[in-house]
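1. Pasted the sequence and its predicted model underneath.
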Amino acid sequence: MSSVIVSLNNTGKQYQHTRVLHNIDLQLQAGEVLGLFGHNGAGKTTLMKIILGVIKASEGQAKVFGVDPLSKQAWQGRRQIGYLPENVSFYDQLTGKQVLTYFARLKAVEVASVGELLDKVGLRQAMDRPVKTYSKGMRQRLGLAQAFLGDPKLLLLDEPTVGLDPTATQEFYQSVDQLKGDGASIILCSHVLPGVEQHIDRAMILSGGRSLAMGTLAQLRRDANLPVSIRTQGLNGALQANANLSQLLVAQGHLQVSEQDKLAVVKQLLDYPELRDLQLEPADLGRLYQHYLGTAAGNTAKSAGGLNGGHNDGQSANIQSQAEVKPQ
Ligand SMILES: Nc1ncnc2c1ncn2[C@@H]1O[C@H](COP(=O)(O)OP(=O)(O)OP(=O)(O)O)[C@@H](O)[C@H]1O
């Protein structure tokens, strides 16, 4: 039996004369992790603020734990929500432990859990130092500990891995998996796409306040129908000599084929005795993201004042895709 934790129906938001969110539909199940992806200004934080009950939707309906997040009944549900804002900031003069104890009291969570959480995010050694002496990554980890207080049933995480090194990022995703395993629902906004895919159940791609795509990565791949990459080793020359396969070559030993032709091409490749290795790579999240944004941009260009009224913040390349990410 599934239970819906967040329900948005045709939800929109307007500031004065500007609509920043349009017709968003979302049913987030218990134990489900949703990745929310979009450029700066796409509407991710606005969506989170509606769910948190910080701002009121201008259109449609929002329900969190079955009630309107702005209603009097929402306070009970609010205690089960963990929120990590983007660019988290704390009281600099307090120590990490004092900050977390303060938030524990605000949330009516057992103060005894503070030490365990500081351990979990690797801040035990630094817990008695003022936050002003913390690095960016340490502040971010303190923010995560704050969001994890009280074993929340719903977690809203805005850019949670910003400032984290690869090890801390990996540990963060382990915590996400653990919380999901315990039945928590998570909405995770990120500009950094590599590493996210295996931890999310569904993705929503937002642009100009509209949902361009929503579904599991398998669904998004199927709908996008992007070619699959096949990288081979040992077939130099043989691929060029084959009239069919040579047409699929995009680089030495690297073919791109449609989903439909994939199996037939692999069978053909396996017939070569000189084949030493073969790797199949379906479109990753970065490619899917670029595809859906590109489709929306194409539609906008076709219909004057189309999808987002020409608004794309002029930031078409600020999401890190697999190809762009640099080792930290
Ligand atoms: N209080 C406000 N008044 C007017 N416009 C606002 C207000 N808050 C946000 N906006 C606008 O709403 C749009 C969506 O903003 P939002 O913060 O939700 O985007 P975002 O996807 O979270 O971006 P980022 O990745 O930069 O955090 C932006 O164009 C922003 O300027």
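-> Now that the structure is in, tell me what you want to look at. Numbering: from 1, shown residues only.
2. how does this protein divide into domains?
-> As given by automatic domain parsing, the domain ranges for the chain are 1-80+176-225+283-328, 227-281.
3. what about the last one, distance to the chain center?
-> Averaged C-alpha coordinates place domain 227-281 at 32 Å from its chain's average position (C-alpha atoms, centre = their mean, to the nearest Å).
4. before we move on, what about the longest one?
-> When C-alpha coordinates are averaged (C-alpha atoms, centre = their mean), domain 1-80+176-225+283-328 and its chain have centres 8 Å apart.
5. now stretch 102-119
-> 27 Å.
6. And stretch 159-172, by the same measure?
-> Per C-alpha atoms, centre = their mean, the displacement of stretch 159-172 from the mean C-alpha position of its chain is 13 Å.
7. Any residue of it touching the ligand?
-> No - using C-beta under 6 Å from any ligand atom, stretch 159-172 stays clear of the ligand, coming no nearer than 7.4 Å. C-beta: built from backbone N, CA, C; applies to glycine.
8. And the average pLDDT for that stretch is what?
-> The predicted model gives stretch 159-172 an average pLDDT of 83.
9. Which of the domains of the chain has the lowest mean pLDDT?
-> Minimum mean pLDDT among the domains of the chain: domain 1-80+176-225+283-328, a mean of 82.
10. Within range of the ligand, give me the residues from the protein.
-> Counting by C-beta under 6 Å from any ligand atom, the residues of the chain near the ligand are 15, 20, 38, 40, 41, 42, 43, 44, 45, 46, 86.
11. Report the separation between residue 233 and residue 268.
-> In this view, residue 233 and residue 268 are 16 Å apart by C-beta to C-beta, to the nearest Å.
12. tell me, how many neighbours does residue 65 end up with?
-> Residue 65 has 19 neighbouring residues, counting by other C-beta atoms under 10 Å.
13. just checking, it touches residue 5?
-> Yes - between residue 65 and residue 5 there is a contact under C-beta atoms under 8 Å: 6.4 Å.
14. Now do the contacts for the closest residue to residue 183 other than its chain neighbours.
-> In this structure, residue 183 finds its nearest non-sequential neighbour in residue 31, 4.9 Å apart by C-beta to C-beta, 6 or more residues apart in numbering. Contact analysis of residue 31 by C-beta atoms under 8 Å, 6 or more residues apart in numbering lists 180, 181, 183, 184, 185.
15. ok, the residues you listed vs residue 195, which is closest?
-> Closest approach to residue 195 among the contacts of residue 31 (C-beta to C-beta): residue 180, at 15.6 Å.
16. That closest one falls within a helix, correct?
-> Yes - according to DSSP: H, G, I helix; E, B strand; the rest coil, the state of residue 180 is that of a helix.
17. Which parts of the protein are helices?
-> Ranges of helices within the chain are 44-52, 74-78, 96-106, 113-120, 136-148, 166-181, 217-224, 238-241, 243-246, 262-270, 285-302, based on DSSP state H.
18. Could I get the contacting residues of the residue nearest to the spatial centre of the chain?
-> Nearest residue to the geometric centre of the chain (C-alpha atoms, centre = their mean): residue 35, 3.0 Å. Taking C-beta under 8 Å, 6+ apart, we find residue 35 in contact with 188, 189, 190, 196, 200, 202, 203, 204, 285.
19. Out of the residues you listed, which sit inside strands?
-> Using DSSP state E, the members of the contacts of residue 35 that fall within strands are 188, 189, 202, 203, 204.
20. which residues touch the third one?
-> Contacts for residue 202 (C-beta under 8 Å, 6+ apart) come out as 32, 33, 34, 35, 214, 215, 216.
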